[in-house]
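**Student:** Here you go, sequence then predicted model.
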Amino acid sequence: MAAGTRPEYEPYADSRQLGVVAIRHACLWGLGVHAVLVVLFFALGVNILAWYNFLSCAAFWYAAWGSRSGRVVSPFVVASGEVFVHATLATVLLGAGAGFQLYLLVLTAFMPASPIASSRARGAWALGFLVYFVALVLVAGSIGAYYELDPVVINAMRLANVIVAFAILAGIVHHLRQTAVSAQRKLQERARTDVLTGLYNRRGVLEMLERCRADRERHGRQFSVILGDLDRFKAINDRYGHETGDEVLRRTACAIVGTLRGGDSVGRWGGEEFLIALPGNDAETAAQVGQRVIEAVRAVEAPARSSGRTGSRRRGPVVTISLGVATVVEGESLDSLISRADHALYRAKRAGKDRLMVAESVQCDS
């Protein structure tokens, strides 16, 4: 993960992408199964189903191709429509004993994960499939099968369809679980992310500092923090407006992230303050990182503004930052560490701003 940026997640991080992947996999799997059924039904002399399964292969190929383009609704409609017609046709021609009607229950179970927007509509469709399933079984049982196949073949078909239907249901459960995990992960991300800059917010900063503290307790690994505050930021807001101030914060955040290495993290501590965590760094190394931050912020190009009369572009505000550096000592709390960095920052401000000060070491009881 790039230091200080919004945390990255596994490929299933987005629920829509999760649905696209699930539909594509289901369609490719359906394409393979129906290709086998084409051969099987031709061998059994059930030519109507053989040719229908040939068309089914084309439908699943189209749905899989559509999902590769990021579409969800049309592939879902095509695939579910094929399953509905196939289950009906096979049940009428071969009888309920062959088990093809089970795929209507699969459609019913898949409705909660479907791309249909309205939950009420999803419920209505699920109920409709369930009612149709019962009616189809009753009708097929009353009229009998159109093709009289060997009972051994019918039993083998029923067993195969039960296995496939349960495998699909297991895939649906997995899909729903992944969707729930994705939603939970996104909520956690938002809870620790600053909306304006994309960095960690105060909560996220405290979490990363707790990880540094726990790592020190387990492995004795040193760490340092840098607390930074933009110089004259109130004047920038007053003179150039809050939109310019927000853009300065965003560009400053990008500049700071660009100076850090893997393992280092940065967050917005509050207002125009930023806090950098440097695991495994002593005060000297942290000061070197801080100097790079100062130089990077100096190079920030603040947005220019237009002159009201001439329309010419005037140079934006000069952006600088003052930093306070503190390295944890044995037995020190995070509050004490941040307080020392804050005092060092205050000394940097008093010394003329646009500079860095290192906090003095303290003795703490273990």
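**Tutor:** Ah, there it is.

**Student:** Just the residues contacting stretch 214-222, thanks.
**Tutor:** 223, 279-282, 327-328 (C-beta atoms under 8 Å, 6 or more residues apart in numbering). Where you see a C-beta, it was placed from the backbone N, CA and C, and this is true even at glycine.

**Student:** How far off centre is that stretch?
**Tutor:** Chain-centre distance of stretch 214-222: 30 Å, with C-alpha atoms, centre = their mean, to the nearest Å.

**Student:** Restrict it to CA atoms and write it as CSV.
**Tutor:** What follows is stretch 214-222 as a C-alpha-only set of coordinates in CSV (Å, rounded to 0.1, in the frame of the first residue of the first chain):
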residue,chain,number,x,y,z
ALA,A,214,2.4,-2.8,19.8
ASP,A,215,5.2,-3.6,17.4
ARG,A,216,7.7,-1.9,19.8
GLU,A,217,6.3,-3.8,22.7
ARG,A,218,6.7,-7.1,20.9
HIS,A,219,9.9,-6.6,19.0
GLY,A,220,11.5,-3.5,20.6
ARG,A,221,11.3,-1.7,17.3
GLN,A,222,11.8,2.0,17.5
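
**Student:** what's the model's confidence in it, averaged?
**Tutor:** The average pLDDT for stretch 214-222 rounds to 88.

**Student:** what about the closest residue to Ala96 other than its chain neighbours, how many neighbours?
**Tutor:** For Ala96, ignoring the flanking residues on the chain, the nearest one in space by C-beta to C-beta, 6 or more residues apart in numbering is Ala140 at 4.5 Å. Look at Ala140: counted by other C-beta atoms under 10 Å, it has 23 neighbours.

**Student:** mind listing what Ala140 touches?
**Tutor:** Neighbours of Ala140 in contact, by C-beta under 8 Å, 6+ apart: 91-92, 95-96, 101.

**Student:** give me that answer again for 10 Å
**Tutor:** When contacts are counted by C-beta atoms under 10 Å, 6 or more residues apart in numbering, Ala140 touches 88, 90-98, 100-101, 146.

**Student:** Same check on Phe54?
**Tutor:** By C-beta under 10 Å, 6+ apart, the contact set of Phe54 is 34-35, 37-38, 41-42.

**Student:** Would you map out the domains in this protein?
**Tutor:** 15-191, 202-358 (automatic domain parsing).

**Student:** Least reliable of those by average pLDDT, please.
**Tutor:** Taking the mean pLDDT of these, domain 15-191 comes last: a mean of 86.

**Student:** ok so, going back, can you flag the buried ones in the contacts of stretch 214-222?
**Tutor:** 223, 279, 281, 327-328 (16 or more other C-beta atoms under 10 Å).

**Student:** Need the max-distance pair from those.
**Tutor:** The most widely separated members of those, counting by C-beta to C-beta, are Pro279 and Thr327 (11.5 Å).

**Student:** intersection of neighbour lists for those two?
**Tutor:** What both Pro279 and Thr327 touch, as defined by C-beta under 10 Å, 6+ apart, is the set 222-224.

**Student:** from the residues you listed, which is closest to Leu187?
**Tutor:** Phe223 (28.3 Å).

**Student:** Contacts only, for that closest one.
**Tutor:** 209, 211-213, 215-216, 264, 277-282, 286, 327-328, 337.

**Student:** switch to 8 Å and redo it
**Tutor:** Contacts of Phe223 by C-beta under 8 Å, 6+ apart are 212-213, 215-216, 277-281, 327-328.

**Student:** from those, which ones fall inside strands?
**Tutor:** 277-279, 327 (DSSP state E).

**Student:** okay, the residues you listed in JSON lines with distance to Ser119 next?
**Tutor:** JSON lines is the format used below for the ones in strands among the contacts of Phe223 (distance: C-beta to C-beta, whole Å):
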{"residue": "Ala277", "distance to Ser119": "42"}
{"residue": "Leu278", "distance to Ser119": "48"}
{"residue": "Pro279", "distance to Ser119": "45"}
{"residue": "Thr327", "distance to Ser119": "54"}
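
**Student:** ok now do the closest residue to His86 other than its chain neighbours, which residues does it touch?
**Tutor:** The shortest distance from His86 to any non-neighbouring residue, by C-beta to C-beta, 6+ apart, is to Ser56 (6.0 Å). Ser56 sits next to 30, 34, 37, 82, 86 when contact means C-beta under 8 Å, 6+ apart.

**Student:** Ile154 and Gly95: what is the separation?
**Tutor:** 7 Å (C-beta to C-beta, to the nearest Å).

**Student:** ok, these two, which is more surrounded?
**Tutor:** More neighbours surround Gly95 than the other of Ile154 and Gly95, with 24 against 18 (other C-beta under 10 Å).

**Student:** Distance-wise, check that one relative to Glu148.
**Tutor:** Gly95 is 9 Å from Glu148, by C-beta to C-beta.

**Student:** what's the answer for Asp229, then?
**Tutor:** For Asp229, the distance to Glu148 - C-beta to C-beta - is 86 Å.

**Student:** Show me which of these two is the more surrounded one.
**Tutor:** Asp229 (21 against 10).

**Student:** How far does the helix or strand Thr285 falls within sit from its chain's centre?
**Tutor:** For Thr285, the host element (DSSP states H and E) is helix 283-298. Counting by C-alpha atoms, centre = their mean, helix 283-298 is centred 32 Å from the centre of its parent chain.

**Student:** Return the list of helices and strands in contact with it.
**Tutor:** strand 223-230, helix 242-259, strand 273-279, strand 321-327, strand 356-358 (3 or more C-beta pairs under 8 Å, 6 or more residues apart in numbering; DSSP states H and E).
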